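Chemist: sequence plus predicted model, see below.
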Amino acid sequence: MRALIQRVSQAAVAVEGEVVGRIGFGCLILLGVGKADTETQADLLARKTVHLRIFPDSDKKMNLSLKDVQGEALVVSQFTLYADTRKGHRPAFTDAAGPEVADRLYQRYVRSIESEGIHASTGRFGAMMQVSLVNDGPVTLLLDV
């Protein structure tokens with residue numbers, strides 16, 4: 001499971017021109033699910049996401065977590081995080097989980113974040129989405145479990 005996490009001052013996701021998820025201060029999380037991923041990994045990655053210290057403290061050091069700053073999370077499914085580009089010019093997605101498994105683990109990840117007391121918004125699984133954000137910092141990290 002992979003999460004591309006961006007610290008944002010605001011973010012939104014739209015489907016066919018309609019905003020389906022929006023947050024203020026917090027994290028935009030692009031989540032990719034691999035074939036071998038499990039519910040345990042979804043829970044572990046959610047905890048890691050919520051407690052990752054990427055927000056500045058009073059000394060401007062990245063020392064506070066999403067939970068510490070009471071930020072929000074916008075979670076968008078992103079199977080392309082499992083693109084294999086080692087051969088040729090067209091990405092292959094053979095390591096990405098199929099839609100049924102990916103959706104189940106995506107939903108599990110979102111519920112795990114919410115169980116930590118974080119307000120989470122989502123995109124629409126499997127839809128073509130337009131994501132907009134104001135990256136704060138910028139701070140962008142890739143987490144793998």
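Modeler: Everything's here; your move.
Chemist: rest of the way, CA atoms for contacts and neighbours
Modeler: Noted.
Chemist: the most centrally placed residue in the chain sits in which helix or strand?
Modeler: Per C-alpha atoms, centre = their mean, the C-alpha nearest to the average position across the chain is that of Ile29, at 2.0 Å. Using DSSP states H and E, Ile29 sits within strand 26-32.
Chemist: now do the next helix or strand after that strand: which elements does it pack against?
Modeler: Helices and strands here follow DSSP H and E; after strand 26-32, the next one along the chain is helix 39-51. Judged by 3 or more C-alpha pairs under 8 Å, 6 or more residues apart in numbering; DSSP states H and E, helix 39-51 is in contact with helix 99-115.
Chemist: quick one: buried residues of the helix it packs on?
Modeler: For helix 99-115, the neighbour count (16 or more other C-alpha atoms under 10 Å) marks 101-103, 105-114 as buried.
Chemist: mind checking how far Leu58 is from Ser9?
Modeler: Actually, residue 58 is Ser rather than Leu. Between Ser58 and Ser9 the distance is 17 Å, computed by C-alpha to C-alpha, to the nearest Å.
Chemist: picking up where we left off before, in CSV: the buried residues of helix 99-115, plus pLDDT and distance to Thr85.
Modeler: Listed next are the buried residues of helix 99-115 as CSV, based on pLDDT from 0 to 100; distance: C-alpha to C-alpha, whole Å:
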residue, pLDDT, distance to Thr85
Val101, 97, 23
Ala102, 98, 21
Asp103, 98, 24
Leu105, 98, 24
Tyr106, 98, 24
Gln107, 98, 27
Arg108, 98, 28
Tyr109, 98, 26
Val110, 98, 28
Arg111, 98, 32
Ser112, 98, 31
Ile113, 98, 31
Glu114, 98, 34
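Chemist: could those be laid out in CSV, adding distance to Ser65?
Modeler: As requested, the buried residues of helix 99-115 are exported to CSV (distance: C-alpha to C-alpha, whole Å):
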residue, distance to Ser65
Val101, 29
Ala102, 26
Asp103, 26
Leu105, 23
Tyr106, 21
Gln107, 22
Arg108, 21
Tyr109, 17
Val110, 17
Arg111, 18
Ser112, 16
Ile113, 13
Glu114, 15
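Chemist: quick one on the thing from earlier: ok, now which ones touch the residue nearest to the centre of the chain?
Modeler: With contact set as C-alpha atoms under 8 Å, 6 or more residues apart in numbering, Ile29 has these partners: Ala3, Leu4, Ile5, Gln6, Ala73, Leu74, Val75, Val76.
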